[in-house]
Structure formats: structure tokens, C-alpha cells
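Q: Starting from these lines, generate the structure:
(chains A and B)
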Protein chains: 2
Amino acid sequence: MKDFQGTPGTTGGLSLRCCQFLFAAIALCVMVTTSDFSSVTAFCYLVAAVGLQSLWSLSLAILDIYALSVKRSLQNYQVVALFAIGDGITSTLTFAAACASAGITVLIGNDLDSCAHNNCLEFETATTLAFFSWFAVLPSFLLNFWSLASR
Amino acid sequence: MKDFQGTPGTTGGLSLRCCQFLFAAIALCVMVTTSDFSSVTAFCYLVAAVGLQSLWSLSLAILDIYALSVKRSLQNYQVVALFAIGDGITSTLTFAAACASAGITVLIGNDLDSCAHNNCLEFETATTLAFFSWFAVLPSFLLNFWSLASR
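A: Next comes the predicted model:
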């Protein structure tokens, strides 16, 4: 297994994890600060999904920092398989939540034109940040899956 | 490149393409028959996404039938790369559309409890079929990506 940038235990991998964690954590905070997110199932699901995403990315960022500080490679087949499966699941959940929230935000803002009574800006910000978090998980997943297949 | 079941030019690959096409085409028909789908952006997007998915899957199914009838292998690097990219894009679009529609269907049915004035059953059926179509594209994408990496 090659230790190319972006895979676990590299500085590229660590920066991807930090981006994932930051975007997911800010999306979580923005959504939770709105007063009425709990009345919409998709927004509750977004909170759960980005919560899980931030926990997963934070754990792997800590593992990357450890691996970099003791100069240990994480290119073990079982470890990379675990990372690929975890990234696959969390990225799918985050993307699903972001799409569902985007659908509802567009419904409120454009189709029903009732942004005046709703926190449209917060909903849009949280949704966009969830998409950003997904964009940062995708390379991690594809790189892990690729290095798994090309072992 | 190994010619394992599920990759292009095999009977497994052909059955996956047929499932993708059937689910996407039925989802398209069910959604188009509702009178008010065009008032919701996410439902219009679902129609576009499953339309594209059904065209893509139908084209590749025809290619699979041709490859099987003349006993030709489709395991060429460029061809598999093209299939992997196409599957990646169409599956992402279909999944995004299915999630956005699911968010709105749950909003109408559970959160607002206004199924009486809406075609909830049709919306739910089309969304479920779009998810089924995505479930059938996912193995195609992962197998193509895997056989690309393990060349």
C-alpha cells in the first residue's frame, strides 16, 4: 500500500479530516441555534448526521496527529478497510441530510416564498456547510477505497 | 482486469443495468402522472435525475447486450473509467434527488400532516423507486471503481 497524500496518517489526510470536522461542527452549531429546526424531520436528521460526521472526523484527525507524531504508517489493510467503510457510511448520511435540507430550504424560500417567517439564512448556511463537509469526506473515501483495491 | 460478475459485459452487469433502468423509468412515470409535481423544485429535479439515470442505464444495458451477443470483453481501461465516472455522476444525482424528495414527502406527510390535499402516495412511491434505482447503481459504480484501481 502506498502512503500517498490524503490517505490516513499523512498531512494531506489530516487537513481533509480537519476540514470535514470544522464544516460539520459549524453546520451543527448553526442549525441548533435556530429556534424551529426541531419541527422539521429533515433538519433534525441533519443535526444527527453532521453530529456523527464531526465525531468520526475528529476521532480520525486525532489518530492522524498521533500517527504523524510517532511517524507510524496507518496503511494496514484492516485499518484502511475500516476507514473506507466508515467514510462511506458517514459521507452517505451527511450527503442525504444535506440534500433533504436543501430540498426543504428551496421549498420554503422559492416555492412557498415564506422566508419572512422562517430562519432561511440559518437553514441555508447549515445546508451549505453540510455539503462542504461532504465534499471534504469524498476524497478521503475515494482514496481509501482506491488504496484498498490497489493493494 | 478481471471480468467478474457485475462489471460491464457480464450477465450480472446487464441485470444491474436493467434494474436501474426499470426503477428509474417507473419513478419517472409515477412522478410525471401527479398533477402538482411541477410546483415543487425538488420533484422537478427528481424527474430530471431519474430521466438521466434511465437514459444512461438503458444505453449501457444495450451495450452489455451487444458485448454479450458478440462475446466481446468491455474490460478496457478507458471504457471502465468512463463507466465509473458516469455511474458516479448519475448515482450522486439520483441519490440527491431521492433524498430531497424524501425530505419534502416527510415534511408534507408527518410534519405538516397535509396528505389529504396532496398526492402523498405517488410522491412516496416515486421517491422509493428512485432509492431502489440508486441501490442498483451503487454496486455498478463500486465494481467499476474497484476494477479500475486493481488493474
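Q: How about the most centrally placed residue in chain A, nearest residue that isn't a chain neighbour?
A: By Cα atoms, centre = their mean, chain A has its centre lying nearest to A:Ser133, at 3.9 Å. Leaving aside its sequence neighbours, A:Ser133 sits nearest to A:Phe23 (Cβ to Cβ, 6 or more residues apart in numbering or on different chains; 3.7 Å). Yep, even glycine has a C-beta here, placed from its N, CA and C like the rest.
Q: tell me the mean pLDDT for the one helix or strand A:Gln20 maps to?
A: For A:Gln20, the element it lies in under DSSP states H and E is helix A:11-33. The predicted model assigns helix A:11-33 a mean pLDDT of 95.
Q: Just the residues contacting that helix, thanks.
A: Contacts to helix A:11-33, defined as Cβ atoms under 8 Å, 6 or more residues apart in numbering or on different chains, come from residues A:5-7, A:37, A:43, A:46-47, A:50-51, A:53-54, A:57-58, A:60-61, A:64-65, A:68, A:94, A:122-123, A:125-127, A:129-130, A:132-133, A:136-137, A:139-140, A:143.
Q: Show me what secondary structure element comes after it.
A: Sequence order places helix A:41-69 as the next helix or strand after helix A:11-33, per DSSP H and E.
Q: helices or strands next to that next one in the packing?
A: When contacts are defined as 3 or more Cβ pairs under 8 Å, 6 or more residues apart in numbering or on different chains; DSSP states H and E, helix A:41-69 packs onto helix A:11-33, helix A:77-106, helix A:120-149, helix B:77-106.
Q: quick check: angle from the first one to helix A:120-149?
A: Put plainly, it is helix A:11-33. In terms of direction (axes from the mean of the first three to the mean of the last three Cα atoms, to 10 degrees), helix A:11-33 departs from helix A:120-149 by 150 degrees.
Q: Can you report how many residues neighbour the residue nearest to A:Ser133?
A: A:Phe23: 25 surrounding residues under other Cβ atoms under 10 Å in any protein chain shown.
Q: ok, it to B:Trp56 distance?
A: For A:Phe23, the distance to B:Trp56 equals 30 Å [Cβ to Cβ, to the nearest Å].
Q: ok, back up a step: please report how far the residue nearest to A:Ser133 lies from chain B.
A: From A:Phe23 across to chain B, the span is 18 Å (Cβ to the nearest Cβ, to the nearest Å).
Q: for A:Ser15, same thing?
A: Distance of A:Ser15 to chain B, given as Cβ to the nearest Cβ: 23 Å.
Q: Over to A:Thr94?
A: Applying Cβ to the nearest Cβ, the value for A:Thr94 to chain B is 11 Å.
Q: residues in contact with that residue?
A: A:Ala24, A:Ala49, A:Val50, A:Gln53, A:Ala130, A:Ser133, A:Trp134, A:Val137.
Q: Now do the fifth one: how many residues are near it, please.
A: In terms of burial, A:Ala130 registers 31 neighbours under the definition other Cβ under 10 Å.
Q: Check whether it really touches A:Ala48, as I assumed.
A: No: taking contacts as Cβ atoms under 8 Å, A:Ala130 lies outside contact range of A:Ala48: 11.5 Å.
Q: joint contacts of those two?
A: Common contact partners of A:Ala130 and A:Ala48 (Cβ under 8 Å, 6+ apart): A:Ala97.
Q: Verify the stated contact: A:Ala149 with B:Leu143.
A: No: between A:Ala149 and B:Leu143 there is no contact under Cβ under 8 Å: 10.2 Å.
Q: who's more crowded, the two?
A: Shown here are A:Ala149 and B:Leu143; by other Cβ under 10 Å, B:Leu143 has more neighbours (23 against 16).
Q: how about A:Ser73, secondary structure?
A: For A:Ser73, the assignment made with DSSP: H, G, I helix; E, B strand; the rest coil gives coil.
Q: Check it and give its pLDDT.
A: pLDDT, A:Ser73: 85.
Q: Next, give phi and psi for it.
A: Main-chain torsions, A:Ser73, degrees, to the nearest 10: phi -80, psi 140.
Q: now A:Val70
A: Backbone torsions for A:Val70, taken as degrees, to the nearest 10, come to phi -100, psi 10.
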